[in-house]
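Q: Quick one, structure for this:
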Amino acid sequence: MINSTYQLIVLGNTNRFHTLVVKTLYNRIEELGLDKSVLDIIESSNFNIDYRPNTPVVGLYYGGDEKKDIEILEILKNDANIILPVFNSKNNFLEEIPEILHPINGIKVDSEIDIDALVNNILEGFSLLRLSRRLFISYKRNESRSAAIQLFERLELAGFDVFLDTHSIKKGDIFQDELWHRLVDTDVVVLLNTPEFLSSQWTTEELAKANSMSIGILQLIWPENSPERTAELSIPLQLKESDFVNNAFDKENGRLTDSSLELIVRNVESLRARSLAARQDNIITEFIKFSTMNNRTTNLQREKFVTIMSKKGKEIVVIPTIGVPHAFSYHQSEDLIKLIRSHGVEKIWLLYDHINIREKWLKHLAWLDGYLPVNSLKVTEIEEWLKKN
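A: Predicted coordinates for the structure are as follows:
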């Protein structure tokens with residue numbers, strides 16, 4: 001059993017939003033299925049006593065009029081830890097933030113709207129959320145094309161890799177294969193629930209597939225329309241006429257107001273952690289179910305991976321992976337093994353659901369298995385895998 005914790009180092013001049021940042025961070029940790037005790041929050045006053053460089057660390061530096069905690073910043077930087085500079089847009093970043101942090105892209109926090117994005121960046125720094133921030137827009141072109149393009153541009157600005165069919169599929173690529181591939185690899189679906197949304201075969205299938213994979217869905221419900229109730233993990237956001245420029249929502253070229261776009265971004269950030277946690281739990285549950293059926297004992301660690309003893313009596317680590325395993329997934333798993341500090345680990349496996357992943361990617365993963373110390377395992381192959389290992 002691993003007893004490691006994550007360390008958030010809080011430096012600088014904490015602002016009026018800090019208490020809410022901490023509260024939101026703890027809420028997200030619980031939504032990920034972890035206990036609050038996995039996180040230690042350390043300030044400059046107890047840094048020298050409690051800081052442990054051999055555990056996952058994220059530094060949070062609140063800018064202010066005076067430059068504080070420079071020596072600690074030097075230590076964190078030398079230890080190659082992630083540091084997030086936080087500044088207020090009303091002030092100058094270069095004036096608020098120490099020179100040592102000037103090369104780092106800062107995070108603006110000047111209202112509660114910005115808190116979810118900051119918290120998700122912290123979780124990404126801990127590798128509790130994957131670094132890729134993928135989002136899928138599902139819509140009906142002849143009802144909401146302009147609003148979809150608006151969302152594409154605004155969510156990309158917020159740091160998401162957004163899939164929009166008219167913008168994201170390369171010329172000559174197989175349209176439907178790439179669409180399903182991107183859907184399985186997304187964190188959140190933003191569904192533009194217009195009156196005729198479900199009259200299309202493709203939008204109906206997109207909703208069904210997202211629901212079957214437990215992907216979080218943010219429903220933007222057009223005025224005078226009703227929520228789609230088939231989605232399990234869904235946030236319904238009822239739009240009003242005033243959420244559209246000039247109250248024009250009933251045409252293809254209807255555009256959302258700036259304030260409604262900001263509200264949508266905030267809801268996407270909030271839903272993302274819950275969506276990824278639900279998908280991870282589904283994969284873990286599937287592995288434990290088959291292990292129990294085959295009389296194998298598993299241990300679910302609080303860092304949300306599973307350990308199981310091989311037939312040779314050595315420990316195997318199985319890490320549930322959301323979406324398409326990429327090179328970062330393999331690298332992240334090796335870092336996790338260092339965290340485990342167990343010399344008896346025989347093998348690391350990335351467990352993933354391969355349904356709707358394109359064949360060229362599955363071949364690439366099979367090729368990687370032959371060259372890397374981390375291997376991949378499909379959910380559908382668990383039972384056969386248990387017989388061999």
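Q: Tell me where the stretch 101-250 of the chain has strands.
A: 107-108, 134-138, 161-163, 188-193, 216-221, 234-238 (DSSP state E, counting those that start in this stretch).
Q: May I have the beta-bridge partners of V188?
A: Counting by DSSP bridges, V188 is bridged to L135, G216.
Q: isn't it right next to I215, touching?
A: Yes. The pair V188 and I215 passes the contact test of CB atoms under 8 Å, sitting 7.0 Å apart. Just so you know, the C-beta spots here come from the backbone N, C-alpha and C atoms, and that holds for glycine as well.
Q: Mutual contacts of these two, please.
A: F136, S275 (CB atoms under 8 Å, 6 or more residues apart in numbering).
Q: can you pull the contacts of the closest residue to I100 other than its chain neighbours?
A: Distance criterion CB to CB, 6 or more residues apart in numbering; nearest residue to I100, sequence neighbours excluded, is L73 at 5.3 Å. Contacts of L73 were listed using CB under 8 Å, 6+ apart, and they are L11, G59, Y61, I83, P98, I100, L101.
Q: ok, now how distant is L73 from I9?
A: To I9, L73 is 9 Å away according to CB to CB, to the nearest Å.
Q: Poorly predicted segments of the stretch 1-150 of the chain, please.
A: Along the stretch 1-150 of the chain, segments meeting pLDDT under 70 span 1-4, 65, 90-91.
Q: Tell me where it has helices.
A: Under the criterion DSSP state H, counting those that start in this stretch, the stretch 1-150 of the chain contains helices at 18-31, 47-50, 70-78, 93-96, 115-125, 141-157.
Q: Could you dump these into a markdown table and include distance to T257?
A: Output for the helices of the stretch 1-150 of the chain, formatted as a markdown table (distance: least, CB to CB, whole Å):
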| stretch | distance to T257 |
| --- | --- |
| helix 18-31 | 25 |
| helix 47-50 | 45 |
| helix 70-78 | 40 |
| helix 93-96 | 28 |
| helix 115-125 | 20 |
| helix 141-157 | 10 |
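Q: Figure out which of these is closest to T297.
A: Within the helices of the stretch 1-150 of the chain, the stretch nearest T297 is helix 18-31; the backing value is 26.9 Å (CB to CB).
Q: List the buried residues for that closest one?
A: Residues of helix 18-31 classed as buried: H18, V21, V22, T24, L25, R28, I29, E31 (neighbour count, 16 or more other CB atoms under 10 Å).
Q: Compute the number of surrounding residues for the residue lying closest to the first one once chain neighbours are set aside.
A: In this structure, H18 finds its nearest non-sequential neighbour in Y62, 6.9 Å apart by CB to CB, 6+ apart. The number of residues packed around Y62, counting by other CB atoms under 10 Å, is 23.
Q: ok, Y62 touching R16?
A: No. With contacts counted by CB under 8 Å, Y62 stays clear of R16, the gap being 10.4 Å.
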